[in-house]
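>>> pasting a predicted model and its sequence here:
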Amino acid sequence: MSKFLNYRGVDFQLQDEDFYATRVNLSAQASVDPVVLSDGSLLNYAPSSAVVGSLSCDFYLTSSLPSYLNITGTHSDPIKAKFADVEITGVYPKSISFSVEPFQPILISAEFDWYGDVKVENFKEQGINQVRQKQVPNYIAHSYKSHLSSRNIFNSDYSGPSGPTGPSGPSGPQGSIVSFSYSSSCDRPAFYKVDELVPFRVAKLNKSCEASLSSNQLGNLITIEGKQALANVYIKDFYGTLLDIFTVSGVLDNQNYSISENSYLLTEASINQFVTEQKVLI
Amino acid sequence: MSYLISGLNIKNIYEYDSSQSYGKYDVVDYQLNTNFSVYPNYTGLGGQSGLNFWFNSESLGNFNLDSSNLVTGWGNLSDVNFDGDDYKFFIQNSAEENVRPFVDFNENYLPLKDNEFLSGEGFDCIDRTIFMCFEASSKSNFSEQTLLYVDKSSGAFETEFPNGPSGLFRIKGEDSLGSSKIIIDDREFSAVSPIYGTPNIVTIVQTATGPAIESSGPTLEVRQNGVYLGRYPNFYSGWVSGFMQIGRNENPNGIKYYDMFAFSGVLTNSEIENYEKYLFESYFDNEGLYFAKQEVPAGEVRAPVTYTGSAYWTKDIDDLFNLTYGSSASFSSKLNTVDFGDGYKSALSRNVNSLNVSFDLKYEGLSDKEAKALITFFENSPEAPNKSVYESYEGVDINLFQPYKQDAEVYFLDISHETPYNDINNISIKAESLYDSSLDYKGMLIKLDEQNIRTYTDDLNTFEYNDVVYVDNISYSKRGYYFYTGERTSSSLPEANAPLGDNSSFTKEFYFKVDIDYSISSNLRVSSSDIENSTNQYKKDGINYNKLELDLAFSNRSNKEALAMLKFFDDRAGFKFFRYTLPQPYNKEMLFYCPEWQHTYNFFNNNDISAKFVHLNDVEDFYGPTVFNTKISFTS
């Protein structure tokens, strides 16, 4: 790296696919503990874990979300990332999130853990030809046509233009959703063979997803068990092409009402789902 | 269902079926085939075939012996057509003693070495199914060895056509796929399983009559360990003759004949499997559970006992699983302590191997399928073959974690299994090592391996702090392990800095420093006079009332320091004393022995070690003469 690298010249890929990122952050963390002896001397700093890297990025969704970024799915193998022409082979997604605000394109925020030796000293800009050959995406997710349909949030059967049908809840007025967001995450515990510094497995643990929305009303107050609710988030491009659907089927456990000077009364709620898998008999 | 499977606490494990494919970590019970076993003289199968001959070593009564207990005859157990006819035995009437085999009464086979042989006559048969179970040793040049020789004969015991069209069953070649051959007459078949050093079942189906031969002529079909090797048309006419001979191979290690029998007539495949199963159950010890170490396509050549199968199936835990961090070892010595009064005591080793070690082996992050295989391995470990006729089952061969030896034999005792989440399993196995001895000068579990621990010579170079070297010397006090405490150097050391030099950079004493957060507690050895309804009174118990027992901790130490420290304890074997200078504010050098210590491998270059040091003060050359206040001297 002989000079400052320019954003325009830095490429970002996952599994050899181009991602149109507005921000990429790469960091590494070593866990060490000082070893102090009885005579007061410092022996060394002992490692208590491998170097764990963090990778986070914000990118525009230009097609359906790849399956390897499905945080709550069963895919747990490492993926490959390429950043500034340096390849990182042991990358493990652990969260994605996005919010849909009026008149805004939708940016997906993703976080990853990574392991292994990465030649960060070899970061470099891509060539001009590479930049020119990069294809312009056909679709970019946008809030204009994207929407959230729900069941049992506003005490009604369903809401939204194409919401799911299902068991009827108490009838009541529909809420007007101002904005909404979605996130899914999991823990990625790493397991190492003795004498090795790169994990042989990075599992998925505590998978969950959440949909939050801001609206003018939220129906009845939640009970001690919350409210069973379902939200489907439809992500479309500006012209209405459906790119992906994110579903949260869980419990609405949080309602918030607030108003301030020169503003309307706004309510906020979130639906949380703890994602489980049925075990396959072996 | 095999008792092996029914004895497990795991479901969905089946007998190996070569028509099935298997996934990695699948477990099968290999029993050669899935058919049932039939004793050769059982007649309930409904076939028309009769037992043509049957030789086995189950009973000493099957043999005729001379005055030197050498074999002169091997009885034919077949009772069909041969009642009272001596010629249907295998006999050895030669005057030369070196051709008579010796039968080991403790073994279930008859070995035929060098020129030893047996022969007999009257075994004529047109259609025949021959079963042979044997174990051959290889000749130095892997040349041919004859398992069975069939020919015409006019005499009782010698063939008249030694070079004629005799029926021959031979083996040859190096013991590898493609090189090892099973030869019928002069037709070679590639063996699918190892042919040396392990029992083998070879089945020869001899068809010379019936409608099948009208188009193809007489044929011999050959099977090895249940796997069909091929068919051989127009076999030599000797096969239908009555003279048979085994042995005469000029092989000093010989061939072990476990069992051989034949039926007149061609048996069905199912019947053949029945009898092969009998031989397998009687003489093989490589049956039982096998674990797939990769995806296994269907096919009988991928059975666990075949050359190819060994690439797919294993009984070795190290082929399947690796230990994970957090594994630990716990050492303790069995000592008898004798208190002499005045604070003097003696710790006596109970036997020559008084040091015990118990391992807590961690296998974390396993999938459900991996966990199933590991639990099955654990539960099945007592089914290992016996170590010898005098000992019980073998332990598990395993590569331990650093710095312990790689080829250890341990016994699995307890298992602990927890699942924090779906498809994540953490398993901990407690294991004991029984066959490692602290008497071995190379070390009990941390070995003098000439890599991590080297033998010191004047030419030895490259030293760094905590290096361990072994010094061989005729003097017991100078011989042993020394620990380098000097500066790092890539060259050899001057004589003065050598382990036995005047200004040595090595030490034999305990030089490691404990953690800064240490605690030492001791109590005075005092006795009390508890006089009822009165004041208690304390009296010192002899002259050595300040005895220390320390629990010392050495946390987060590097692999190199851990190796050195653990080697130090390993070498002291739980009872040998050493000097140690107590930390501030004591700062006194004293004698201790270490009867217990624990080690946990937390992470790479991160080891926790804790040890118990027991103060020792009965060694005259360190503290001066032993003094007893309580000593009673008897005078005449």
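Cool, the structure landed.

>>> what is the burial count for residue A:129?
8 (other Cβ atoms under 10 Å in any protein chain shown). Quick note: C-beta positions are derived from backbone N, CA and C, even for glycine.

>>> contacts only, for the closest residue to chain B within the stretch 101-250 of chain A.
Nearest residue of the stretch 101-250 of chain A to chain B (Cβ to the nearest Cβ) works out as residue A:191 at 2.7 Å. For residue A:191, the contact set (Cβ atoms under 8 Å, 6 or more residues apart in numbering or on different chains) comprises A:199-203, B:324, B:364-365.

>>> over to residue B:560?
Taking Cβ under 8 Å, 6+ apart, one finds B:464-467 in contact with residue B:560.

>>> I'd like those residues laid out as a markdown table, including secondary structure.
Compiled in a markdown table, these are given as follows (DSSP: H, G, I helix; E, B strand; the rest coil):
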| residue | secondary structure |
| --- | --- |
| B:464 | coil |
| B:465 | coil |
| B:466 | coil |
| B:467 | coil |
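
>>> packing partners of the helix or strand containing residue A:249?
According to DSSP states H and E, residue A:249 maps onto strand A:242-258. Judged by 3 or more Cβ pairs under 8 Å, 6 or more residues apart in numbering or on different chains; DSSP states H and E, strand A:242-258 is in contact with strand A:177-187, strand A:205-215, strand A:227-237, strand A:266-274.

>>> near chain B, which residues of the stretch 101-250 of chain A are found?
A:189-197, A:199-201, A:203-206 (Cβ under 8 Å from any Cβ of the partner chain).

>>> again, only using 10 Å
By Cβ under 10 Å from any Cβ of the partner chain, the residues of the stretch 101-250 of chain A that approach chain B are A:186-187, A:189-197, A:199-207.

>>> filter these down to the buried ones.
Buried residues within those, counting neighbours by 16 or more other Cβ atoms under 10 Å in any protein chain shown: A:186, A:189-194, A:197, A:199, A:201-204, A:207.

>>> closest one of the residues you listed to residue B:539?
Within these, the smallest distance to residue B:539 is 53.8 Å, found for residue A:194 (Cβ to Cβ).

>>> wait, isn't the closest one in contact with residue B:600?
No. Under the criterion of Cβ atoms under 10 Å, residue A:194 is not in contact with residue B:600, lying 11.5 Å apart.

>>> got any residues that touch both of these two?
Common contact partners of residue A:194 and residue B:600 (Cβ atoms under 10 Å, 6 or more residues apart in numbering or on different chains): B:325-327, B:362, B:401.

>>> quick check, nearest of those to residue B:414?
Closest to residue B:414, out of all of the shared contacts of residue A:194 and residue B:600 and judged by Cβ to Cβ, is residue B:362, at 13.1 Å.

>>> what helix or strand is the closest one on?
Assigned by DSSP H and E, residue B:362 falls in strand B:355-366.

>>> starting at the chain centroid, how far to that strand?
19 Å (Cα atoms, centre = their mean, to the nearest Å).

>>> then stretch B:437-453?
20 Å.

>>> convert the C-alpha atoms of that stretch to PDB, please.
C-alpha atoms of stretch B:437-453 as PDB (Å, rounded to 0.1, in the frame of the first residue of the first chain):
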ATOM      1  CA  SER B 437       5.500 -45.900  33.200                       C
ATOM      2  CA  SER B 438       7.400 -43.300  35.200                       C
ATOM      3  CA  LEU B 439      10.300 -45.800  35.200                       C
ATOM      4  CA  ASP B 440      11.000 -45.000  31.600                       C
ATOM      5  CA  TYR B 441      14.000 -42.700  31.500                       C
ATOM      6  CA  LYS B 442      12.600 -41.100  28.400                       C
ATOM      7  CA  GLY B 443       9.700 -39.900  30.400                       C
ATOM      8  CA  MET B 444       6.200 -41.100  31.300                       C
ATOM      9  CA  LEU B 445       4.000 -39.000  29.000                       C
ATOM     10  CA  ILE B 446       6.400 -36.300  28.000                       C
ATOM     11  CA  LYS B 447       9.100 -38.000  26.100                       C
ATOM     12  CA  LEU B 448      12.700 -37.500  25.300                       C
ATOM     13  CA  ASP B 449      11.900 -37.200  21.600                       C
ATOM     14  CA  GLU B 450      15.100 -35.400  20.300                       C
ATOM     15  CA  GLN B 451      12.900 -32.600  18.900                       C
ATOM     16  CA  ASN B 452      11.300 -30.800  21.800                       C
ATOM     17  CA  ILE B 453      13.500 -32.500  24.400                       C
END
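
>>> ok, the residue in the stretch 201-350 of chain B that chain A sits nearest to - contacts?
Residue nearest to chain A within the stretch 201-350 of chain B (Cβ to the nearest Cβ): residue B:322, separated by 3.9 Å. Going by Cβ under 10 Å, 6+ apart, residue B:322 touches A:192-196, A:200, B:363, B:399, B:401.

>>> do that again at 8 Å, thanks
A:193-194, A:200, B:363.

>>> sorry, back to before: of the contacts of residue A:191, which is the nearest to residue B:168?
Closest to residue B:168, out of all of these and judged by Cβ to Cβ, is residue A:200, at 52.8 Å.

>>> and that closest one, what is it in contact with?
A:191-193, B:322, B:365.

>>> cool, residue A:198 as well?
Contacts of residue A:198 (Cβ under 8 Å, 6+ apart): A:50, A:90, A:115-116, A:192.

>>> now, of the residues you listed, which are buried?
Using 16+ other Cβ under 10 Å, the buried members of the contacts of residue A:198 are A:50, A:90, A:115, A:192.

>>> the closest residue to the first one other than its chain neighbours and residue A:73, how far apart?
When you say that, I think you mean residue A:50. Leaving aside its sequence neighbours, residue A:50 sits nearest to residue A:197 (Cβ to Cβ, 6 or more residues apart in numbering or on different chains; 4.8 Å). When distance is defined by Cβ to Cβ, to the nearest Å, residue A:197 is 28 Å away from residue A:73.
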